[in-house]
Structures are given as C-alpha cells and as structure tokens.
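Participant: What follows is a protein structure lacking sequence information:
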C-alpha cells in the first residue's frame, strides 16, 4: 500500500473523514490490514497463505454437522460414543475437530437444548464454520440466557411447558453441538437423506430439523 | 490428577474480585448449582490472556443451574436450566461456608 500524496497541505486531525465511517476502515480493520501487509512484505507469510487460511476457516459448515447427526440417528453405537466423547466420535468420521472437546447435547421429548456464548462468540467452528451474525450479537447473547423461550418463540419455535429448556453457555474450552430428535416419518430415509433435514440452526438449538418431503408415487 | 468435585456435588460459585480477563459470567456468581461433569485441565485463561502460556493448568467443570436460581424474575418454566463451564478456583462446596 503506497501513501504517496504530497504533503503540501495541512492535515486537520479533527476534520471528519467519510472514509472512516466505512466498516472496512474501522480502526481494527486497518490495524489488521497493516499487520497483514507487513507480514507479507517481510516474507513471513504470503498473500496466498492468508487467503488459504481464510478459505480453510470458512469451509466447514452445516454439511459436517449434518453428517454427524445423521450418523447418530442411524447408528446407536455411534450415538452413544458421540454423547460420551463428542470429539473422538466426530474424528471417527474423518472430520478434523480442532476444539478441545465437543459436548454433544441430545434433545429428547422432555428436553430442548440451545447454545450460546454469553462472553464472546465461542462456536464449534471446525464443524459448523463461522457463527452467524445474530449468534455473536449482544441481543442474542444476553437474551438467550435469561429468556430462551421468548427468543425461541421469536424464531418460530414454541417449546411446550412440560419440556425443559436447557441453555448451554460456552464460557471456556467446551464447544457444543445439539443432537436434535429424529423427525417422525423418516424411517425410510437414507443417512444422506436424513442429513438433508438438518439446518445449521437445528444444530444450535434455535430451530428444529426440517420435516421430510411427503412420499410420492 | 483427581478433581476436587464430582458430578452431583452442590457447589457455590465464588465472586472473586480481580480485574482482567475472566471466563466466569456475572450471572452465576454467588449462585448455587450442581457439578454436571469434570471436563479436564486447561490453560488458565486468566493468565493466558496476558501471554502467560506456561501458567499452571486449571481444572474445568460444567455446572448445572436452575434458571430460577439465577434470575429472580425468570419468566420461563420452573424446570428450565442452564449449564456453564466454570474453573475449579471459582467453586466451593455449597456446604463449605468459609
């Protein structure tokens, strides 16, 4: 980045600069950009390595979480291992979980689990990728912990009164994945078809799995 | 290394007062809960945040709380719960009044 304009005019430190209003010009963005350019200039990393790391961070996604849950739905032994030691069971599927531990929490007829990080933005990133904007918002982080039913209702899920709502706060080293209940009417579906019913939010506990498409023919 | 608490133990979360980076949210301090599981020993985030990577590890637990014990005006159902990870030095047995 060159900064080669002539210094033949006075800079006014207090003059408003519209460019600073843009999110990509925030103080932290600019510091990150300066650091990246310095590291590249000094030959410590290459631009392509930075790009590849971003690609790697963003390539996990719901497809990995959906594979894990679909396998648990069809394989009771795997499900048991998943609930006992989530990370080890997930690694069995060839998914390289990098978190210290993945705690898999199982929904049941009398319990609905949901995940939040009230302190920052902890999320099972090696499985689900980067968290959605609402997950890291102050609004979700504060309300999910003390009025989870109201938050879920706004998201379209009404939890019956007899069902316990259990909120998991990712305050330290554990990361969480919700194992939803297998929807009724899915006995004939293959593992791959079951995985299609799982959305990202169903693995955070802020949605339920999709209903299977009606049988045809 | 044997952990100090076992699942089922009733514990109180201490309200330790020190500045800096801590991972114990305010809403559980001075509240009573139950040990759900022992998670293992991990680098102490209160030290690691300041670059002390070789500080002694700390034992971590998941602690189970009833919502109505955390929020006096909780508007959900009485059976609703919260589970939070808390480091051992922030916990005392509920029976220990010291």
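Facilitator: Perfect, I can see it now. Here the structure is a predicted model, which means the values were calculated and not measured.
Participant: Is residue A:43 part of a helix or strand, or is it coil?
Facilitator: Following DSSP: H, G, I helix; E, B strand; the rest coil, the label given to residue A:43 is coil.
Participant: Report the next helix or strand after the host helix or strand of residue A:145 in sequence order.
Facilitator: Assigned by DSSP states H and E, residue A:145 belongs to helix A:138-146. Next helix or strand after helix A:138-146 toward the C-terminus (DSSP H and E): helix A:148-154.
Participant: roughly how far is that next one from the heart of the chain?
Facilitator: Helix A:148-154 sits 19 Å away from the centroid of its parent chain (C-alpha atoms, centre = their mean, to the nearest Å).
Participant: Up against chain B, what does chain A have?
Facilitator: A:100-101, A:103, A:118-119, A:145-150, A:161, A:164-174 (C-beta under 8 Å from any C-beta of the partner chain). Backbone N, C-alpha and C define where each C-beta goes, glycine included.
Participant: go again using 6 Å as the cut-off
Facilitator: A:118, A:146, A:149, A:161, A:164-169, A:171-174 (C-beta under 6 Å from any C-beta of the partner chain).
Participant: of the residues you listed, closest to residue B:89?
Facilitator: Proximity of those to residue B:89 (C-beta to C-beta) peaks at residue A:172, which lies at 12.5 Å.
Participant: and the two most separated of the residues of chain A next to chain B?
Facilitator: Farthest pair in these, by C-beta to C-beta: A:161 and A:173, 33.9 Å.
Participant: So the two - more neighbours on which side?
Facilitator: residue A:173 (19 against 10; other C-beta atoms under 10 Å in any protein chain shown).
Participant: My read is that that one contacts residue B:41, right?
Facilitator: No. Using C-beta atoms under 6 Å, residue A:173 is not in contact with residue B:41, being 9.8 Å away.
Participant: Can you give me every residue that contacts the residue positioned nearest the centre of chain A?
Facilitator: In chain A, the residue lying closest to the centroid (C-alpha atoms, centre = their mean) is residue A:131, at 3.4 Å. Under the criterion of C-beta atoms under 6 Å, 6 or more residues apart in numbering or on different chains, the neighbours of residue A:131 are A:121, A:123.
Participant: what's the answer for residue A:40, then?
Facilitator: Contacts of residue A:40 (C-beta under 6 Å, 6+ apart): residue A:47.
Participant: how does it look with 8 Å?
Facilitator: A:46-47, A:50 (C-beta atoms under 8 Å, 6 or more residues apart in numbering or on different chains).
Participant: quick one: which helix or strand includes residue 69?
Facilitator: By default, I'm working from chain A. Going by DSSP H and E, residue A:69 is in helix A:62-74.
Participant: right idea, wrong chain: chain B
Facilitator: helix B:67-70.
Participant: on that earlier part again, now the common contact residues for residue A:173 and residue B:41.
Facilitator: With C-beta under 8 Å, 6+ apart as the test, residue A:173 and residue B:41 both reach residue B:60.
Participant: tell me the mean pLDDT for stretch A:189-207?
Facilitator: Stretch A:189-207 shows a mean pLDDT of 97.
Participant: Endpoint to endpoint, it covers what distance?
Facilitator: End-to-end distance of stretch A:189-207 (C-alpha to C-alpha, to the nearest Å): 21 Å.
Participant: ditto for stretch A:150-166
Facilitator: 14 Å.
Participant: what residues does that stretch touch?
Facilitator: With C-beta under 8 Å, 6+ apart, stretch A:150-166 has contacts from A:105, A:109-114, A:140, A:143-144, A:148-149, A:201, A:206-208, B:75-77, B:79-83.
Participant: hang on, the earlier thing: so which of the contacts of residue A:40 is the most crowded?
Facilitator: residue A:50 (13 neighbours).
Participant: Can you pull the phi/psi pair for the closest residue to that one other than its chain neighbours?
Facilitator: If the residues on either side of it in the chain are set aside, residue A:50 comes closest to residue A:36, at 6.1 Å by C-beta to C-beta, 6 or more residues apart in numbering or on different chains. Phi and psi for residue A:36, reported as degrees, to the nearest 10, are phi -60, psi -50.
Participant: Surely residue A:36 and residue A:51 touch.
Facilitator: No. With contact defined as C-beta atoms under 8 Å, residue A:36 does not count as touching residue A:51 (10.7 Å).
Participant: What residues does the closest residue to chain B within chain A make contact with?
Facilitator: Here chain A gets closest to chain B at one residue, residue A:172, 3.9 Å apart by C-beta to the nearest C-beta. Counting by C-beta under 8 Å, 6+ apart, residue A:172 touches B:23, B:39, B:42, B:45, B:60, B:85-87.
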